[in-house]
Structures are given as C-alpha cells and as structure tokens.
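Chemist: Kindly return the folded structure for what I paste below:
(chains A and B)
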Protein chains: 2
Amino acid sequence: MEFIITASDATCGARAGEIITSRGTIRTPVFMPVATQGTVRALMIRDIEEIGFDIILSNAYHLYLRPGVEVIAQAGGLNNFMNFHKPILTDSGGFQIFSLAEFCRIEDHGVEFRSHRDGSLHFFSPELVLDIQKVIGSDIMMVLDQCIHYPVNEEIARASMERTIAWARLSHEHWRGSFNPEEQALFAIVQGSVYRNLRRECVERLLELEFSGYAIGGLSVGEPKTSYREITEFTCGLLPRNKPRYMMGVGSPIEILNAIRHGTDMFDSVMPTRIARNGTIFTSNGRVNIKSSQYEFDFTPLDGRCACYVCRNFTRSYLRHLYRTGEISSLIYNTYHNLYFMKSFMDEIRKSITNKTFLESYKKWEGIYQNDNKIDGMDKNQAELQADE
Amino acid sequence: MEFIITASDATCGARAGEIITSRGTIRTPVFMPVATQGTVRALMIRDIEEIGFDIILSNAYHLYLRPGVEVIAQAGGLNNFMNFHKPILTDSGGFQIFSLAEFCRIEDHGVEFRSHRDGSLHFFSPELVLDIQKVIGSDIMMVLDQCIHYPVNEEIARASMERTIAWARLSHEHWRGSFNPEEQALFAIVQGSVYRNLRRECVERLLELEFSGYAIGGLSVGEPKTSYREITEFTCGLLPRNKPRYMMGVGSPIEILNAIRHGTDMFDSVMPTRIARNGTIFTSNGRVNIKSSQYEFDFTPLDGRCACYVCRNFTRSYLRHLYRTGEISSLIYNTYHNLYFMKSFMDEIRKSITNKTFLESYKKWEGIYQNDNKIDGMDKNQAELQADE
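Modeler: Okay, here's the model as predicted:
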C-alpha cells in the first residue's frame, strides 16, 4: 500500500490523496460504505459499483460468526464471495465485541466473548484477528483494540489505552512476520477517550512501530460534540503527515467536513444508509424527511441538483408513497440516493482541496448542515447503529 | 387494444399471440409481475425493465387508498408516478375488498366497505372503479366483480355470479359511454365457483356484451387441485378464441403450463416474489431452498442455466449467507432471480408454441415441477398472498 498526497490546503490541514493498493486506488478523502455482513444493506453490489465507491468496509467479527472463516476461505476471500473487486477495509471487530457481545473478558493475550447471536464462546487474540482478515483478503486490516464507552475515568481510559498499545505491538509483530504488507496493509487505532495526555501518549507509542495508517477510535460514542471536535483536532495534529488518517464511525456531512479540515482522510458510518431506511434523505439543501405530508403532491426529485438514478427518475411524492406503504423499494431508493450523495459530497470536497477552494466549500456545506445535530453520530450510540446495520 | 394469435398448437389449446396497446405490445402467454402499490416488491423499476417484462399489474383498490386518486391524477397517471412506460393492467380491487376489507356490504349498485388500513368507510360502484382506473391510466382495466371463498353452496355461488354479471353490464355501459376503448381496454371476469353450469351461464351472458378480454376469477382460492384444473379447462373451452384469456392469481409453473394448454394467455401472481423473500428459488431443475445447510459450501449459481444478473454474479453459498443474516439484499437478489425465471420460462413456452414443440416443453417442465404442490396457489389462500404482497 502506498499513500500519496496530491494536494494540501494552505490554510488548514485538509489534503487530497491516493491510497494505492493492489486492488485499486482509493481517492481520499473517502467515505467507505459499510458492508458489515458482506453486503451493503438494501442495495445490490452493482449499485455500489455504479455509484463509484473506491472501497467498502466490512467486519471480521461479523464474518467470523457468519458465514464463518471456512466459507470465506473456500470462496477465495470476501472479494470473490460478494463479487466486489475493489479494495476492502475490514474492522477487526474489537468495537463489536465490546459493544455487542453478551459477555466479554479481557486477558493479556486477547478477549474471550460470547457471540451476540447464539451465545457461543470465542476467543480473539490480536494475531487471530489478523489471521481472519488474511482469509477475508482485506486490503486494509485493522488491529484488535479495546474500545470503551463514554464517560470513563482516566484510570480506565489509560488501562484500555495500554491494552490497545500492547495488542498493537503483537499485531505488528505478527503482521511483519506472517503477512505480505504490500498486499495487506495494517492500521493501528488510537484510543484514550477524551483525555489529551492519553491520546498523545497513545500516538507516540504507536509511532514507535510503523503501521500503514492510523485510525482514531473511541470517538462518536456519546461524548459532547465539543469534546469530540477538540480530540479530533488534537489527535490529527499528532499523527504523521505521510500516513492515511482514518476517523472511525463518523458519517455526518458536518463532522466529516470538520475532520477533513484537520487532515483526516478516511471515514465510514452506517448512518447515511440507516437514516435512509428511516426516510431521512441528504440533499444539497440539507435534510429531507420523506415521510412528511408536505411532499404528498411534490413532483420534484429528492434533490434537483443530484444526478443519481433515483433523482433522475422518481419524485418526492412517489418516494413518500413507497415509504408510507412500507415497501422494500423505499429502502432501496433512499439508500441508493444517500450513498450517491455521500460519494458526490466527498468528490466535491476532494476537488475543492485540489482547486484550492476548500474553505469556500467548507463554509457552503457548514451553512447547509450546521444544524444537523439530530442525525450525526453524537446523539446515537455507535453500537446501536452497528447493531442495526 | 388488439389481440393477434401468431401461433397455435395443433394438439391442444395453447396459443402464442400479441396484445397490442398504445403503450406497447404484450407477447402472450405472459406472466405479469405484481406491483400492487405501484412498485414490484424488493426491486427497482429498472430491474423490471432489464428483465424485460412487457406488462405489470397493479391494483385500483390499493392505489385508491394510498396514495389516493388525487396524487395519481396530479402525477399524470400511474405510469408517470412509478416511471414505468409499458402497459399496466389494474385489478379493480374486487378481490381485495372481499378478502381484505374489515367490513363489506353488497348493494345492487356497488359495495360499501371499510379500509383494511384505517377502517375508513368507502363505496365502490362498478362505474367508480372504472373512473379510478381511468385516472390510473390503466391500459387494461378489470371490472368490479364479486369474489367468493371456497367452499360455497350453489345458491351463494349463483348470487355472486348474478351480481358479477349485473356489474359487468354497468361497467360495459360506462366504458362504452365515457372511455376511449382504444386506449383503455376492459376485461370481464367469469365467476361461478366450481359449478360448471354457473361458469357456462356466466360466460354466455358476459358474451352478450363485447369486452376486450375475459378473465377467470374465483379460482385458486382453496379448492382442490382437481376442481381447479377441471374448471380451468371447462371455462377456457367456453371463451371466445379471438380474445385474450386471463387466469387471475395463478403463478406456479405447473399450473401456468396447465392453463396455457387449455388456451390461457395471461397470468399474475405474487407467489414468485413472495416465495423468493422466503428463500425459495425457481430453477430449471426445480425448486431450491436457499436456507438449506447443503448450500453452505456450494459455490455454484442458483441455476447454472440461468443468464440473470444474480446467477452470473453470486453463488448459492453467498445467497444463503445473505438469507441467514436477514439482509435486505437477500430479498432483492432472490426476487430478481425468480422474476427472471418467470420471464424466461414464459419466453421458452411461447417459443415452443411458435416452434410446434409445446407438448415437449410441457412434458419437460411437468417432469421438473409436477411435485411442486407445496408452493402453488392451492394450499395458500390468495388473500393471504395478496395481503402479504
């Protein structure tokens, strides 16, 4: 994996780049749609190809439980299994174990947990989690980390940070010894809750090893928006410029913009697809709640400036009708549009960085989405979102 | 509307033909996918176009309740509302009123009923039902008829037949007086339960008026398969050769084949899409239950002889995984395949009629689907199917 910065904004940390993998190039900043179980909810994979995403995200924990590693192995990896032939990033499942599992017990060498599906007992070590991602064939793998909820006191936050660092070292050793790092990149995850000193220490100690990229974990888990933004800016400032920075679990336009401003390159969230299924639509004028009776006779598209299949072919009136009648096609059309919006939004931001107009673009979108608190990750626990997706 | 028979089988009643409407030509025998609420469940409309259906079916009762006639009117008809520009046949809703409505009271001039959605009170006359279909812009309209359950005694069956004939007369009069029959065709519906004398009388009295086509209603509602087949053959034999014959609510391959043999041209059923959502797949070798553990490591397509998007791109193992994890894409892919199967199946039958090989084709498919009782309309009340769809 190679990371090239192709343009930087002179007035802030925003940068455009390319992550080059053997399965294709990922243009950054990038939003990665979530295919937790090996499928993006409510769409065919050809829709994802058509929208033009460079990369999707899947999840080692979920795929390990179902369909199981042996199925993925015999299928020849996840790309073949789901018939998607661009890069895949997989989360290790740390977040899911700590948020979904019925029971989990942390040991020095890993975590014992019971499946949230059937209560069966499993043990994940940092090495096993990489081995699973090897079978999956992930282009970008994530280390096993210890996630914590918000709020936690500093002592607990430190302990989880220490564990995360220890596991990152074991992961790094296993990766250098048993993987082809050119084929499968490995990202470390910075923890430390809302404590600056912990975030700093975590970054410094992770930088003693060379990872392919660095993710910011443990945010968007219920902390106040001001803390979230402050820690984002602070942590981004500590991370090396020449490696991709990945903000985990953030998908609201305004928070993506904010993180890009501080130099973040990668994002994922189930939020755009989840709210689509609940009838909330992203547009170039802000949110539209398609349930609303004001759209009963509205024969305009969801977004008059959107070029997606849904906006070119259907009206708000029709889409409201599908939502009200509980049709599956409502989930499909709304999801398609919201993901197309996310792709277009990221394309526009990326282009503005290249064209040296990032701050104008930032201000435009901030004006449109600044009051969008209701649907960003702040008021919705990420675990809830993940469980739902 | 014009109906041309392009080929007939010398040994049985099977015929191939074309129904020519101002929105396009419908090649018969034809299977019409059901878009009850103005959408085929679990697919985008472009999928229906891609599969190549010549016509879809919708429902005046459902559209009248939601989104309401005024919305459809302002949208410029159902074709524009749902953005499908081939012919649409609409059922009047008689079947739905008698099977779904909370309450219905039959009067000479129509039926009073309460919505199955909100209990609101409505009155449908034969004329109003046509007026609704006028707004919808249906290429083929169905008369309001009185449907009855099975079993019923002959007295009740006669009364419902008399009502159906009286309403057909009112419908015919209204149609000739207030419609452009070239733009909107009208089909009558033959009732009479399993009583041959009633079926005969119903056909004879309906033939006193000239309708665009004739449908066989009141079958596949719980009667024994032998009765169903006997009445199908008997009623088909009474209907004029030069008009399309439409067997309402039948969608199992074996029963479609059987009805084609007696000269039926048109079919609709929610069954292929409904069973798809439950994991049952039609293939050229019979049914596949994708839930089955035997497919865990089966990396072959659903149907090796099928050219559909799903069979060209995904394995049974993957589709089983999507089904097991409750993914919406499971509903999508299974539905896509089953409708593609229905289209290909009808195409093959039609071609065999043209090529004078219908009986060979019939025997081949009979061999494959003869034991398919579990999923045809016989053991599943049509009302249940409709309610579900």
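Chemist: Tell me the residues of the stretch 251-389 of chain A that contact chain B?
Modeler: Contact residues (Cβ under 8 Å from any Cβ of the partner chain) of the stretch 251-389 of chain A with chain B: A:296-297, A:299, A:309, A:313-315, A:317-318, A:320-322, A:324-325, A:327-329, A:331-333, A:336. Every C-beta, even on glycine, is put in place using the N, C-alpha and C of the backbone.
Chemist: Just those residues: which are in helices?
Modeler: A:309, A:313, A:317-318, A:320-322, A:324, A:328-329, A:331-333, A:336 (DSSP state H).
Chemist: What score does the nearest residue to A:H85 once chain neighbours are set aside have for pLDDT?
Modeler: Of all residues not flanking A:H85 in the chain, A:N79 sits nearest, at 5.6 Å (Cβ to Cβ, 6 or more residues apart in numbering or on different chains). You'll see A:N79 listed with a pLDDT of 98.
Chemist: Same question for A:I4.
Modeler: At A:I4, pLDDT is 98.
Chemist: What's the first helix or strand after the helix or strand hosting A:V71?
Modeler: Here A:V71, judged by DSSP states H and E, is contained in helix A:69-75. Using DSSP H and E, the helix or strand that follows helix A:69-75 in sequence is helix A:78-82.
Chemist: Tell me the helix or strand right after that following helix.
Modeler: Next along the chain from helix A:78-82, counting by DSSP H and E, comes strand A:88-91.
Chemist: Against which helices or strands is that next one packed?
Modeler: Strand A:88-91 sits against strand A:56-59, helix A:60-65, helix A:78-82, helix A:126-136, strand A:140-142, with contacts defined as 3 or more Cβ pairs under 8 Å, 6 or more residues apart in numbering or on different chains; DSSP states H and E.
Chemist: helix/strand/coil for the residue of the stretch 101-250 of chain A found nearest chain B?
Modeler: Nearest residue of the stretch 101-250 of chain A to chain B, counting by Cβ to the nearest Cβ: A:R117, 9.4 Å away. Applying DSSP: H, G, I helix; E, B strand; the rest coil to A:R117 yields a three-state assignment of coil.
Chemist: Tell me how many other residues crowd the residue lying closest to it once chain neighbours are set aside.
Modeler: In space, and not counting its chain neighbours, A:R117 is closest to A:L65: 5.8 Å by Cβ to Cβ, 6+ apart. For A:L65, the count of nearby residues is 21 (other Cβ atoms under 10 Å in any protein chain shown).
Chemist: before we move on, back to that, buried by neighbour count, from the residues of the stretch 251-389 of chain A next to chain B: which ones?
Modeler: A:296, A:299, A:309, A:313-315, A:317-318, A:320-322, A:324-325, A:327-329, A:331-333, A:336 (16 or more other Cβ atoms under 10 Å in any protein chain shown).
Chemist: per-residue pLDDT, the residue nearest to A:R117?
Modeler: 96.
Chemist: Contacts only, for the residue of chain A most remote from its centre.
Modeler: Taking Cα atoms, centre = their mean, the residue of chain A most remote from its mean C-alpha position is A:F297, at 36.4 Å. With contact set as Cβ atoms under 8 Å, 6 or more residues apart in numbering or on different chains, A:F297 has these partners: A:317, B:70-71, B:74.
Chemist: now for the residues you listed, which pair is the farthest apart?
Modeler: Spatially, the most separated pair among the contacts of A:F297 is A:S317 and B:E70, at 10.7 Å (Cβ to Cβ).
Chemist: So in terms of bridging, what pairs with the residue sitting nearest the centre point of chain A?
Modeler: Residue closest to the mean C-alpha point of chain A, counted by Cα atoms, centre = their mean, is A:D268 at 1.7 Å. For A:D268, the beta-bridge partners under DSSP bridges are A:M32.
Chemist: so where's the stretch 251-389 of chain A shaky on pLDDT?
Modeler: Residue ranges of the stretch 251-389 of chain A with pLDDT under 70: A:373-389.
Chemist: Okay, strands next: where are they in it?
Modeler: A:266-268, A:280-283, A:286-289 (DSSP state E, counting those that start in this stretch).
Chemist: between those, which gets nearest to B:E107?
Modeler: It's strand A:286-289; of the strands of the stretch 251-389 of chain A, that one is closest to B:E107 (Cβ to Cβ) at 42.0 Å.
Chemist: Pull the number of nearby residues for the nearest residue to A:S125 once chain neighbours are set aside.
Modeler: Using Cβ to Cβ, 6+ apart and skipping residues adjacent in sequence, the residue nearest A:S125 is A:G110, 3.5 Å away. Look at A:G110: counted by other Cβ under 10 Å, it has 20 neighbours.
Chemist: so what's the backbone phi/psi at A:G110?
Modeler: phi 160, psi -160 (degrees, to the nearest 10).
Chemist: So it versus A:S92, what's the distance?
Modeler: Separation of A:G110 from A:S92 (Cβ to Cβ, to the nearest Å): 11 Å.
Chemist: so what sits against both of the two?
Modeler: A:L144.
Chemist: How many neighbouring residues does A:P272 have?
Modeler: Neighbours of A:P272 (other Cβ under 10 Å): 26.
Chemist: mind listing what it touches?
Modeler: A:P272 is in contact with A:31, A:33, A:251, A:282, A:338-339, A:341-342, counting by Cβ under 8 Å, 6+ apart.
Chemist: quick one: contacts for the residue nearest to A:S120 when sequence neighbours are not counted?
Modeler: Nearest residue to A:S120, sequence neighbours excluded (Cβ to Cβ, 6+ apart): A:R114, at 6.6 Å. A:R114 is in contact with A:101-104, A:120-122, counting by Cβ under 8 Å, 6+ apart.
Chemist: Could you provide those residues in JSON lines, with additional columns for secondary structure?
Modeler: Formatted as JSON lines, the contacts of A:R114 follow (three-state DSSP):
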{"residue": "A:A101", "secondary structure": "coil"}
{"residue": "A:E102", "secondary structure": "coil"}
{"residue": "A:F103", "secondary structure": "strand"}
{"residue": "A:C104", "secondary structure": "strand"}
{"residue": "A:S120", "secondary structure": "coil"}
{"residue": "A:L121", "secondary structure": "strand"}
{"residue": "A:H122", "secondary structure": "strand"}
